[in-house]
Every structure is written in structure tokens, then in C-alpha cells.
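A.B. asks: Sharing a model prediction with you, sequence too.
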Amino acid sequence: MKILVTLGAIALASTASAQDYRFEEGSNARSWNLFAESNATFSGTVVDLTCEVTGDCVDNCGDGARQLGILRASDGVLVNVQKNAQQVFTGGARDLLPFCGQEVDVDGLLLTDEDLGAVNMYLVQFVRPTGSEDWTEANQWQVGWQADNPDWAGDGRWYRRDQDIRAQLDSTGYFGLGLERDAEIKAEVFE
Amino acid sequence: MRRLSLGAMALAALPFATPAFAAADGEQITVTGEFIDTWCYFSGVMGGPDAVVGSAHHTCAMWCSAGGIPVGILDPDGTIYMVLKIEGDDNNTGGETILSLASDTVTANGTYYQRDGLNYIVVEEIVENMGIVNENHLDFGTIPGFAIPPGER
């Protein structure tokens, strides 16, 4: 009997650890085919994470220099926004900043993987002020980056043109171990 | 229900630039771990957790840091501390400080917070920076495989 109870508890725990489907209804988010993803649409307030967690607050959620989160209206949970909708290594703060302190609806993907410690993490795909009918796609990171760095225009992905990244690569290489090691490793890896 | 009602009243009453709910008191800690790109680690989008750390993933870690993806410190037991500030620098969506620390293993003193299942840290001092100690490139090459463009291989 004790074994059965234990197995049942393990089964329940395993089911609960995979995804969080509580906010799936009404979501039109696109799948990224991630193991830990679940569609999620909910309402909440856009907040400065540093302010919300530590009490160290600045105006306008840090003007883009601070990570943002969503204080979910239904349960008061602070959702950590990790990612926007673009598949180019970009976070979600730029897309949420226009809504700092405002009530919004969001649609996207929650990440839940208790083995890795992922809980209440979010990829935002769409955002709108609560009460509005019109969604805005959370895909503005590159537009902002180009506006901030007009001299870095050109062909290719932003991460190939970003001169701060280029300076690091020129200093320590693609593996971060110094240029001499970098050349040795590349010869070994790509031989 | 009571919690929601109180929360709504608190939001309406608070002036701008204050936390919506009372921020928790932090705890002083010392942590040793690697500065990682948390999206690749938590999502599995690039592969398993062993592949998205260290020298193999260094270039991608810089891309994500510069791209505004949250940075964390991964300690040896697998705990991740989401980094909010580093030595007074509150820019955690990009910038020189977090970019230059990508993939480095450090020992840091800071203030630890826990909120809704996640760990957060305000790093007050990096006591030691050991550089990149997880040399996993021979196991994984580069993650992603296109990190180094063909012309630079």
C-alpha cells in the first residue's frame, strides 16, 4: 500500500512538473516545440523586476536597462519575462517597456521545468493594454537596437554586426579562452 | 480573493516607481558559479543543460547577453540566481558589465532574494573571476553550430 501511495505521488509530481496549463485557454501563441512550454495568456501589470524584488526602484522601469516582469492579476505571481517573439537571441524588455506600470494582456509561452528550476518564466509573443482589442507582436527588439546603433548598419544578423560583441570576439575569441587557444580549438573542432 | 482585493487597492494607492507589493528583505550570501544565458538553459532550445554552458556556448551567451536575455549565475548544485545588479550597475538587459562576464566562473558576494519560485541576486562584489573554467568545446563543438561563421573557422 505504501509503495502504491508513493508511486501515485511520484506520478502526480511528474505530471505537475512538465507544463503549466492553467492559462492556456484563449491563447493563440505559436509553439516553439520546447519540452517545457505551455501556451499562456493572462493579464497583469508590467513591472521593473529589480524594483519589484528588491525595492530599488527608478523611473519608467529603468528606461530599457532593466529586465521587466508581469505581476499576474489572477494570483499575484511575478512572471519573469525571458524572451520576446523573435528567434534572434533577444529578450522581452524592449517590447514591454512602453507599457511600464500599465495593465496589459499578454499571450505567449510559459516555461515550467522543475528539474532545471524553471517556473513562472515567459516568452512573450503578443501584448496589448487591457481593454484593447488590438494585439501588438513582441518583435521590436531589432528595430530598437538599430535605432540605438545607426553606425552598425549593414548586411547580416544583428549579432554579427554588434560592435560590442565583435570587440569581445576580437579580444578573447569565439570560445572565450584567448586568441591563441581559439585558433587551436577551431583547428581541432573543424578539422 | 482577499489577496487580490488587497493587491488591487495597493496598486491604486502606490506612487510611481515603487514595487507593487512589498519587496522582501534580502539575505547576504556568497556564491560561486558560472554566468550563463538563462533562456538557452531553461528552455532547452539549443540542447541539454550541459551543452548551453561553458566554452562551447560562449559566443551564444554573449549574443543573448547583448540581446537583453536575463543573465544568471549557475552554481555547482544546479541552483540559478537571476542577476539583477552587478557592483552597482543595474543594467541587466545588456551593456559592458554583463557582456564581459559571459561564461566566466566567479565567486561573488551579494544579496539573495526569492520570489515565486525563482532565485534573484544583487551582486555587490565579484571577489574572484576565474574566467571560463568549463571547457566543454571538445564535447559539443559550438552551440549553436553556426556560432562561428564559415569564413572564420
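C.D. replies: Perfect, I can see it now.

A.B. asks: would you list every one of the strands in chain B?
C.D. replies: B:27-37, B:71-74, B:80-86, B:105-115, B:118-129 (DSSP state E).

A.B. asks: Direction included, what does the second one pair against?
C.D. replies: Just to be clear, that refers to strand B:71-74. Taking DSSP bridges as the criterion, strand B:71-74 sits next to strand B:27-37 (antiparallel), strand B:80-86 (antiparallel) in its sheet.

A.B. asks: Tell me what angle the last one forms with strand B:118-129.
C.D. replies: Spelled out, that is strand B:80-86. 70 degrees (axes from the mean of the first three to the mean of the last three C-alpha atoms, to 10 degrees).

A.B. asks: now strand B:80-86: mean pLDDT?
C.D. replies: pLDDT averaged over strand B:80-86 equals 98, rounded to a whole number.

A.B. asks: and what of the longest one?
C.D. replies: In this model, strand B:27-37 carries a mean pLDDT of 98.

A.B. asks: Relative to the whole chain's centre, how far out is it?
C.D. replies: When distances are taken as C-alpha atoms, centre = their mean, to the nearest Å, strand B:27-37 is centred 9 Å away from the chain's centroid.

A.B. asks: what angle sits between it and strand B:105-115?
C.D. replies: Our comparison of strand B:27-37 with strand B:105-115, counting by the same axes, to 10 degrees, yields an angle of 110 degrees.

A.B. asks: For chain A, just list every one of the strands.
C.D. replies: A:37-48, A:68-72, A:78-83, A:103-113, A:118-129, A:136-137.

A.B. asks: Report the buried residues of the fifth one.
C.D. replies: Put plainly, it is strand A:118-129. Of the residues in strand A:118-129, those buried by neighbour count under the rule 16 or more other C-beta atoms under 10 Å in any protein chain shown are A:A118, A:V119, A:N120, A:M121, A:Y122, A:L123, A:V124, A:Q125, A:F126, A:V127, A:R128. Yep, even glycine has a C-beta here, placed from its N, CA and C like the rest.

A.B. asks: so where is chain A shaky, pLDDT-wise?
C.D. replies: Where chain A drops to pLDDT under 70, the residues are A:1-18.
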